[in-house]
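Colleague: I need the structure of the sequence given here:
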Amino acid sequence: MQGAQAGHDKTLSKRLSWLLRHGAESEGLRLLPGGFLPVRAVLARPALRQYTESDIRRVVERNDKQRFTLREDAAEGLLIRANQGHSLPGRGFPR
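Modeller: Below you'll find the model as predicted:
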């Protein structure tokens, strides 16, 4: 099961990277200040519907390259952003 979960997590990480770094606007998502997206909006995308908030938390916590940041927001709930590698204009965000 550990191998299957590792593959599951790798796929999730790649999909999150693309969405948060390059694909948010083409997917009809508006980045919030600081480059964040609500996790609920991320999980509503067709390519990410099979994942859960717990899956995202696990991938963020275990990623040794610190690719993502999670933050709680009173209005939007759990937010996520990519820390680097953006191709969207003006989307280089400080950690």
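Colleague: distance of His8 from Val39?
Modeller: Plainly put, His8 is 17 Å away from Val39 if you go by C-beta to C-beta, to the nearest Å. No exception for glycine: its C-beta is placed from N, CA and C like everyone else's.
Colleague: which one of the two is surrounded by more residues?
Modeller: For His8 versus Val39, the count of surrounding residues by other C-beta atoms under 10 Å is larger for Val39: 22 against 16.
Colleague: now that one. Nearest residue, chain neighbours left out?
Modeller: Across the structure, with C-beta to C-beta, 6 or more residues apart in numbering as the measure, the residue nearest Val39 apart from its sequence neighbours is Leu78 (4.3 Å).
Colleague: what number of residues are in the vicinity of the one you found?
Modeller: 17.
Colleague: tell me the secondary structure at it.
Modeller: Judged by DSSP: H, G, I helix; E, B strand; the rest coil, the three-state class of Leu78 is strand.
Colleague: next one: it from Gln2, what distance?
Modeller: Leu78 sits 26 Å away from Gln2, taking C-beta to C-beta as the criterion.
Colleague: would you list every one of the helices in this protein?
Modeller: Ranges of helices within the chain are 2-18, 39-43, 53-62, based on DSSP state H.
Colleague: report the buried residues of the first one.
Modeller: Spelled out, that is helix 2-18. Neighbour-count burial for helix 2-18, counted by 16 or more other C-beta atoms under 10 Å, picks out 8-9, 12-13, 15-17.
Colleague: ok, now the last one?
Modeller: Judged by neighbour count using 16+ other C-beta under 10 Å, the buried positions of helix 53-62 are 55-56, 58-60.
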